[in-house]
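J.: Structure of the sequence below:
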Amino acid sequence: MKSIIKYSAVFIMFVIALLVTMDINSISQRKAELHDSISASERAVLKAASINKMYEMTESDMKIELVRNIAENINTDSEIEIAVYDVDTAGLVDASIVSQFKHMNGVIDSRRTRKTMVVEEWDK
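T.: Below you'll find the model as predicted:
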């Protein structure tokens, strides 16, 4: 009987440690996803406006393209809020993303990242 209680306690501790590890990993994945998606999206918008010049892009076109790229790059099940602070066709994009998500225990949390990208000259 003692061994059943002992092994049950060890099993419960193992499950709790596993859940805590999974939750911490989930937070770091969301944080990395936000950072990677805003970086890739800003870079793609600036390349489309500066290098490729397939068509003339206005600042509002750049904002729309940025929001579309960010939405395509985020794969997690979270609500995102995108704020575009400044966009310039000369090579400036300043934006932030706020992501709200629910932990495994039901607590709602949010992560925020802001990135500014300035391009002076592209290497061709």
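J.: so how many other residues sit close to S96?
T.: The number of residues packed near S96 is 16, by other C-beta atoms under 10 Å. All C-beta atoms are positioned from the backbone trio N, CA, C, and that covers glycine.
J.: For the closest residue in space to it that isn't next to it in sequence, give me the backbone phi and psi.
T.: Sequence neighbours aside, R114 is the residue nearest to S96 in space, at 3.7 Å (criterion: C-beta to C-beta, 6 or more residues apart in numbering). Backbone torsions of R114, given as degrees, to the nearest 10, read phi -130, psi 140.
J.: residues contacting R114?
T.: R114 sits next to D94, A95, S96, I97 when contact means C-beta atoms under 8 Å, 6 or more residues apart in numbering.
J.: Over to the third one: give its phi and psi.
T.: This points to S96. phi -140, psi 160.
J.: Check which residues of stretch 30-39 are buried.
T.: R30, E33, L34, S37, I38 (16 or more other C-beta atoms under 10 Å).
J.: Okay, now the unreliable bits of this structure?
T.: Low-confidence segments of the chain, defined by pLDDT under 70, span residues 51-54, 122-124.
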